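1. Build the 3D model from these lines:
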Amino acid sequence: MTKKNSKKVKEDSDDLAIASSTFPEPDNEPVEDIFEDEKSEKKKKKKKKKNKDDEAEAEAEAPQAPEKSEAADEEQDDKKNKKDKSKKKVDPKKEKKGGPGKKALAAMQETLRKIREEEERIRREEEEAERKAAEEERIRQEQERKEQERRELRKQREKEKKERLKAEGKFLTPKQRAQQARSQASLEVLRAQGIDVPLIGEKRPRAGTRIRSNKQQQATVQTEERATSEEKTADETAAVIEETLVEEEVEEVKESWDAESSSEEEVEETPVPEPATVVQIEPTAKSDSEVSESSSEEEESDSSDESDDEDTKKTDAVSRREKALNRIQKRREAAEKNKNPDILRAPVVCVLGHVDTGKTKILDKLRRTHVQDGEAGGITQQIGATNVPIEAIREQSKMVSGFQDMQLKIPGLLIIDTPGHESFSNLRSRGSSLCDIAILVVDIMHGLEPQTIESLNLLKAKKTPFVVALNKIDRLYDWISNPRKDVKDLIKSQGKNTQLEFQDRAKLVITQLAEQSMNAAVYYENPDPRSYVSMVPTSAATGDGMGNLMALIVELTQTALAKRLMYSDELQATVLEVKAIPGYGTTIDVILINGTLHESDTIVLAGTDGPIVTQIRSLLLPQPMKELRVKNTYTEPKEVRAAQGVKITAKELEKAIAGLNLLVAYHPDEVEICKEEVAHELKSALGRIKLQDRGVYVQASTLGSLEALLEFLKTSEIPYANIRIGPVVKKDVMKASTMLEHNNQYAVILAFDVKIERDAQEMADSVGVKIFQADIIYHLFDSFMKYRDELKAKKREEFKDVAVFPCKLRILPQFIFNTRDPIVVGVVVESGIVKEGTPLCVPSKEFVNIGIVTNIEVNHKPIESARKGQEVCIKISPTPGDSPKLYGRHFDHTDLLVSKISRESIDACKEYFREDLQKPDWQLMVELKKLFQIL
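-> Take a look at the predicted model:
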């Protein structure tokens with residue numbers, strides 16, 4: 001029994017060894033847990049074996065079974081033991097390799113312990129760091145809270161102090177304090193001079209009164225002296241304590257500006273002195289109270305300094321603005337002073353006239369003098385203007401007698417190349433036009449035309465000198481052209497008939513100008529150039545007289561306009577156009593009249609969303625002898641001097657408005673002044689435009705085109721409710737859609753020379769706003785009028801059954817064709833207008849409804865309507881739903897038939913059929929309205 005048990009124990013130990021070798025311990029589990037598992041397994045196995053042994057003993061003690069069964073049992077046990085042994089046999093090398101030894105286990109436990117210690121240490125450090133951060137945050141929040149409380153307390157004290165001083169009448173503003181300090185200083189000066197000035201609160205006897213000595217007064221004087229000495233000592237101690245308090249506060253609480261302001265405020269804060277009162281206080285008590293007062297005053301002074309800081313900021317801003325304004329004023333004065341009559345700028349010339357008079361042809365002739373020969377004749381095409389150098393003028397005018405001997409002072413001519421009258425009327429600078437002299441082109445074959453007269457009135461209003469170009473002289477009968485000859489000699493060399501025709505046509509133009517209250521004469525017959533307008537015969541097609549025109553303009557500008565053309569350093573520039581150029585982005589075309597523009601100057605100009613402040617990136621001028629249309633032909637000078645047309649590239653120019661001035665801020669403090677000036681100019685320009693409550697929405701690309709369009713709409717009697725400069729966006733559609741509630745025909749946007757954003761167009765289509773876009777005013781007007789007529793026709797068709805025209809009918813008794821359903825009778829129209837669909841009633845028979853007029857005939861021919869005095873036959877059908885009426889029973893020929901009107905029918909007539917009714921018809925409408933008692 002014991003041998004068997006010992007053998008089993010040995011087998012168990014072998015099993016454990018095999019288990020440990022075959023099942024290596026996992027990395028993640030601790031070693032102790034593995035050992036515990038092994039121990040529990042061993043216990044279980046021991047328990048099982050014990051049970052088996054007990055069973056074996058029981059069998060031995062029990063009566064022995066037959067030998068066969070025992071033998072079988074033994075055989076089974078041997079087989080089992082053999083199987084177990086075969087299972088448990090393991091290679092000793094493997095056993096050595098798989099199972100960790102004691103040293104390995106100890107090393108593993110050591111490393112595990114170290115890892116745990118390291119983790120514990122890291123965890124403790126993190127907890128400590130978190131705790132410190134939380135503590136710091138709490139301290140910071142506590143400090144902020146205390147600081148906030150201190151500030152609030154300081155503000156409260158300051159407020160209370162101000163209220164107390166105001167209640168006592170002792171509150172002094174900084175201005176009053178300064179005044180008091182000045183008066184105090186003047187008193188001190190008087191005292192220093194020996195003048196006896198009484199102290200504040202000191203009562204002196206009137207002159208002539210007897211002064212009595214009084215012991216009580218002497219005693220009070222002594223106590224005063226004592227008190228003053230005590231006050232001095234207390235003040236000294238208080239000052240020391242106050243200094244320490246201030247230092248502590250600066251270190252602990254105060255911000256730097258508070259610390260600086262407190263000492264200043266103590267100096268400035270001087271309350272109104274009170275009459276001297278005799279008060280006797282213990283020195284210690286005095287000092288303590290003064291310490292508390294001084295500290296509270298100091299806190300109060302800090303908060304009051306905030307208001308003083310605001311005042312100083314305001315005064316600083318005002319002083320900076322004044323300095324900037326003074327600088328600008330001095331600059332203007334200096335520019336005015338430095339003007340020299342010998343240094344002239346190029347005059348700006350505008351070409352005006354009616355359509356097809358040859359304005360463009362004249363400019364074309366000037367620009368393309370020798371293009372056929374492959375050279376540009378020294379004339380360069382500038383942006384928005386043609387710059388004609390003086391050399392080109394000399395070349396063109398060499399045939400003019402006396403011109404070669406003339407001394408030329410001007411550097412050339414700057415001819416504005418934009419749509420005539422529109423650009424001219426809108427190129428203005430502080431109320432005066434930028435145009436120095438104008439060329440009014442008149443077709444000699446047609447004389448003055450409507451647009452020519454309009455341009456003439458514009459010139460008269462601006463008081464601008466001008467020259468008349470009698471163009472198209474080559475159209476005269478038998479005219480022989482010779483551009484190389486003086487036009488005066490050329491006319492004399494023509495045939496007699498040609499000369500007579502020229503004189504007749506020139507006299508006709510002179511007469512037409514006289515009708516417009518202008519004296520005129522041909523330039524070589526002009527008795528007084530100051531009171532008579534000179535006329536130059538020209539031909540833009542052949543070039544006859546072009547040299548004379550140039551020579552006359554140069555002569556006039558150098559003599560009559562010399563003072564105006566003196567070069568000034570003060571900048572004067574106007575934005576002509578805003579356009580996008582590939583490779584340069586959005587650019588502005590500027591006419592530079594006076595002054596100089598530099599690269600990187602800060603410019604201020606008007607924009608749709610307010611003044612635009614930007615920096616000049618580059619100045620672009622076309623290269624000489626090249627066309628502007630050719631790409632990459634721009635030169636980029638560092639500066640441009642007047643007068644010139646120049647293209648400017650800069651940022652944020654997308655929303656710039658053309659037609660207004662461009663300003664340059666030479667210093668940062670001048671920017672605001674320039675912005676105000678530009679905003680005021682735009683506001684005044686738009687403020688002159690009067691809007692209606694109901695009307696169309698108008699948008700244009702420039703201020704000039706907007707004004708031109710509005711003027712056209714005004715003459716066409718089309719009201720406008722809103723205006724804007726720039727492209728059409730969703731915001732504009734929303735504004736225009738408000739008219740849908742009032743009048744559909746005005747829910748329209750007239751977009752002149754501007755682009756329409758895609759989302760704006762989509763929104764307009766969805767809400768029902770119509771957008772008309774055109775580059776020509778007349779096209780825009782025609783499309784709008786067409787739309788309005790279509791809308792009106794649609795509405796008339798819709799309301800034709802509602803609108804009832806007023807009429808009075810008298811039945812002709814001899815023409816009764818049918819008395820009932822339908823009634824066919826002959827009638828005479830006494831007043832008004834009767835048309836098909838008019839409901840009739842009889843007022844004398846309690847307004848009985850007899851039916852609706854369904855047909856009107858005259859001489860067996862149907863007509864739509866009949867007016868007063870006409871005799872017609874009408875067919876009256878009964879009103880649907882009513883019983884048919886009978887002639888002779890419900891009414892007869894003595895009764896008057898009238899149209900049955902209502903409030904709806906009156907409104908429909910007013911709105912859509914106003915033109916169809918004449919004045920007597922409206923008078924009858926008023927009469928019937930009273931008859932039917934319609935409100």
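2. Does the residue nearest the centre of the chain belong to a helix, a strand or coil?
-> Among the residues of the chain, Asp609 comes closest to the average C-alpha position under C-alpha atoms, centre = their mean, at 2.1 Å. When the structure is split into helix, strand and coil by DSSP: H, G, I helix; E, B strand; the rest coil, Asp609 lands in coil.
3. Pretty sure it sits against Lys655.
-> Yes. Proximity of Asp609 to Lys655 meets the contact threshold set by C-beta atoms under 8 Å, at 5.6 Å. Just so you know, the C-beta spots here come from the backbone N, C-alpha and C atoms, and that holds for glycine as well.
4. Kindly state the pLDDT recorded for the residue nearest to the centre of the chain?
-> Note on Asp609: pLDDT of 79.
5. And the one 4 residues further on, by the same measure?
-> Model confidence at Val613, expressed as pLDDT, equals 91.
6. ends of stretch 723-736, how far apart?
-> With C-alpha to C-alpha, to the nearest Å as the measure, stretch 723-736 spans 10 Å from end to end.
7. hang on, I meant stretch 633-641
-> Comparing the first residue of stretch 633-641 with its last one, the separation is 20 Å (C-alpha to C-alpha).
8. cool, stretch 711-720 as well?
-> 11 Å.
9. Ok, stretch 399-414 next?
-> End-to-end distance for stretch 399-414, by C-alpha to C-alpha: 22 Å.
10. now do stretch 766-783
-> 21 Å.
11. Likewise for stretch 514-525?
-> The first and final residues of stretch 514-525 sit 16 Å from each other (C-alpha to C-alpha).
12. Show me the contact partners of that stretch.
-> Taking contacts as C-beta atoms under 8 Å, 6 or more residues apart in numbering, the residues outside stretch 514-525 that touch it are 448, 453, 456-457, 460, 467-468, 470, 488, 506, 509-510, 513, 527, 531-537, 548, 552.
13. next one: stretch 351-367 to chain centre, how far?
-> 38 Å (C-alpha atoms, centre = their mean, to the nearest Å).
14. mind listing what Ile850 touches?
-> Residues in contact with Ile850, defined by C-beta under 8 Å, 6+ apart, are Ile823, Leu840, Cys841, Val842, Ile876, Lys885, His890, Phe891, Leu897.
15. That one should be in a helix, yeah?
-> No. Judged by three-state DSSP, Ile850 forms no part of a helix; its state is strand.
16. Can you report phi and psi for the spatially closest residue to it that is not a sequence neighbour?
-> Nearest residue to Ile850 in three dimensions, chain neighbours excluded: Lys885, at 4.6 Å (C-beta to C-beta, 6 or more residues apart in numbering). The phi and psi values for Lys885, taken as degrees, to the nearest 10, are phi -100, psi 150.
17. Alpha carbons of stretch 650-661, as PDB, please.
-> The C-alpha coordinates for stretch 650-661 follow below in PDB (Å, rounded to 0.1, in the frame of the first residue of the first chain):
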ATOM      1  CA  ALA A 650      -3.400  97.800 -56.800                       C
ATOM      2  CA  LYS A 651      -5.300  95.500 -54.400                       C
ATOM      3  CA  GLU A 652      -9.000  95.700 -53.600                       C
ATOM      4  CA  LEU A 653     -10.000  97.700 -56.700                       C
ATOM      5  CA  GLU A 654     -12.900  95.400 -57.600                       C
ATOM      6  CA  LYS A 655     -15.400  97.600 -55.900                       C
ATOM      7  CA  ALA A 656     -14.000 101.000 -57.000                       C
ATOM      8  CA  ILE A 657     -16.400 103.600 -58.500                       C
ATOM      9  CA  ALA A 658     -15.400 105.500 -61.700                       C
ATOM     10  CA  GLY A 659     -16.100 109.200 -62.100                       C
ATOM     11  CA  LEU A 660     -14.800 110.500 -58.700                       C
ATOM     12  CA  ASN A 661     -11.600 111.900 -57.400                       C
END
